[in-house]
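Asker: With the sequence up front, the predicted model follows.
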Amino acid sequence: MKTDNEDVLVVEDLGVSFDGFKAVDGFNFYLAKNHVHVIIGPNGAGKTTVLDLICGKTKATSGSVKFKGKELRKQQEFKIVRAGIGRKFQTPSTYENLTVFENLELSHPAGRGVFGCLTFRRTPEILERCHSVARQIGLSDKMNTEAGILSHGQKQWLEIGMLLMQDPEIIMLDEPVAGMSVRERAQTAELIRSISDHRSVIVIEHDMEFVREIADRVTVMHMGKILAEGSMDTVSKDPKVIEVYIGH
Ligand SMILES: Nc1ncnc2c1ncn2[C@@H]1O[C@H](COP(=O)(O)OP(=O)(O)OP(=O)(O)O)[C@@H](O)[C@H]1O
């Protein structure tokens, strides 16, 4: 368990309604620097919506999202990414016909946007960054392999690598081990732990064994609200949590 208490992200009283239905309601969330904070909860609890609100994909109807003291709630999505919050969606976003190396290279901030594409130069710094990210995601020996022929797990790691290329301070992952083999899950747990040496990670996950392996802190959501929060040990013994979720 890490002890560094500095919060990089402070979310308070966050809420959103869809046609009068409160999908997220009075949500408070404190993400500590270099921690892995996992959000769990039954289907429809509001977990994905919370990530949508943090990254600006969905606009909140109330509350605040502060990143290193700066209010993000009304910022546009691309500005939130640039500020240092990266999000991996469940839908694949790799370029299947490009190699692992090319996918990583393209994700470097220097290649971003029309102007970036036109003026992009492969500098030694960018090359080194691609290789260091490839080492971290375990794909160093696949640099020249087209993304389309990678295994499911390797594609997921490549996507995480593409996020890492942007050097974000916070990474958000929605069900990162869905569809993975036991071995791939273990490797993903290791990867997430290594990412949290220098960044904070928010993960949504259903697999409790996996949560136990990676989480510094767990928030349990139910019907748009927080049901419990603490270490995995604490929340998994909470009778409220057992009743609505773990006991199912
Ligand atoms: N854009 C939207 N318009 C209307 N309702 C929405 C919208 N987005 C989410 N909801 C509703 O909000 C609730 C929370 O959904 P959300 O996807 O955040 O839950 P979740 O905890 O991530 O569930 P799961 O584990 O199934 O992915 C659900 O009832 C969903 O139908």
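Answerer: Structure's in. What do you need? Computed from a predicted model, the values in this text were never measured in an experiment.

Asker: Any regions of the protein where pLDDT drops low?
Answerer: 1-5, 111-121, 246-248 (pLDDT under 70).

Asker: What ranges does the chain have for its strands?
Answerer: 7-18, 21-32, 36-40, 62-67, 70-71, 85-88, 170-174, 200-204, 217-222, 225-230 (DSSP state E).

Asker: Just name the most buried of the ones you listed.
Answerer: Mean neighbour count (mean count of other C-beta atoms under 10 Å) peaks for strand 36-40 among the strands of the chain, with a mean of 26. Heads up, the C-betas are built off the backbone N, CA and C, glycines and all.

Asker: Endpoints of stretch 127-146, how far apart?
Answerer: For stretch 127-146, the first and last residues are 18 Å from each other (C-alpha to C-alpha, to the nearest Å).

Asker: What lies in contact with that stretch?
Answerer: For stretch 127-146, contacts defined as C-beta atoms under 8 Å, 6 or more residues apart in numbering pick out 96-101, 104-105, 108, 150, 154, 157-158, 160-161, 164-165, 187, 191, 194-195.

Asker: residue nearest the centroid of this protein?
Answerer: When the chain is reduced to its mean C-alpha position, the nearest residue by C-alpha atoms, centre = their mean turns out to be residue 172, at 1.4 Å.

Asker: Name whatever forms a beta bridge with that residue.
Answerer: On the basis of DSSP bridges, residue 172 is bridged to residue 87, residue 202.

Asker: That one and residue 11: what is the separation?
Answerer: Distance of residue 172 to residue 11, computed by C-beta to C-beta, to the nearest Å: 12 Å.

Asker: hey, what's in contact with both of those two?
Answerer: residue 54.

Asker: before we move on, back to that, including distance to residue 237, could the strands of the chain go into TSV?
Answerer: As requested, those are exported to TSV (distance: least, C-beta to C-beta, whole Å):
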stretch	distance to residue 237
strand 7-18	25
strand 21-32	21
strand 36-40	14
strand 62-67	29
strand 70-71	36
strand 85-88	31
strand 170-174	26
strand 200-204	21
strand 217-222	12
strand 225-230	10
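
Asker: Turn these into a markdown table, including distance to the ligand.
Answerer: Output for those, formatted as a markdown table (distance: least, C-beta to the nearest ligand atom, whole Å):
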| stretch | distance to the ligand |
| --- | --- |
| strand 7-18 | 3 |
| strand 21-32 | 3 |
| strand 36-40 | 8 |
| strand 62-67 | 16 |
| strand 70-71 | 22 |
| strand 85-88 | 13 |
| strand 170-174 | 8 |
| strand 200-204 | 6 |
| strand 217-222 | 6 |
| strand 225-230 | 12 |
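
Asker: nearest to residue 51, of the ones you listed?
Answerer: Residue 51 sits nearest to strand 170-174 of all those, at 5.1 Å, using C-beta to C-beta.

Asker: Identify all contacting residues around the closest one.
Answerer: Here strand 170-174 makes contact (C-beta under 8 Å, 6+ apart) with 8-9, 31, 47-48, 51, 54-55, 67, 84-90, 160, 163-164, 192, 195, 199-204.

Asker: what's the answer for stretch 43-54, then?
Answerer: Contacts of stretch 43-54 (C-beta under 8 Å, 6+ apart): 9, 11, 14, 16, 23-25, 27, 29, 39-41, 57-60, 65, 72, 80, 85, 87, 172, 174, 202, 204, 221-225.

Asker: residues of that stretch that come out buried?
Answerer: 45, 46, 47, 48, 49, 50, 51, 52, 53, 54 (16 or more other C-beta atoms under 10 Å).

Asker: want to throw those into CSV with distance to residue 141?
Answerer: What follows is the buried residues of stretch 43-54, written out as CSV (distance: C-beta to C-beta, whole Å):
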residue, distance to residue 141
45, 40
46, 40
47, 35
48, 34
49, 39
50, 37
51, 32
52, 36
53, 39
54, 35
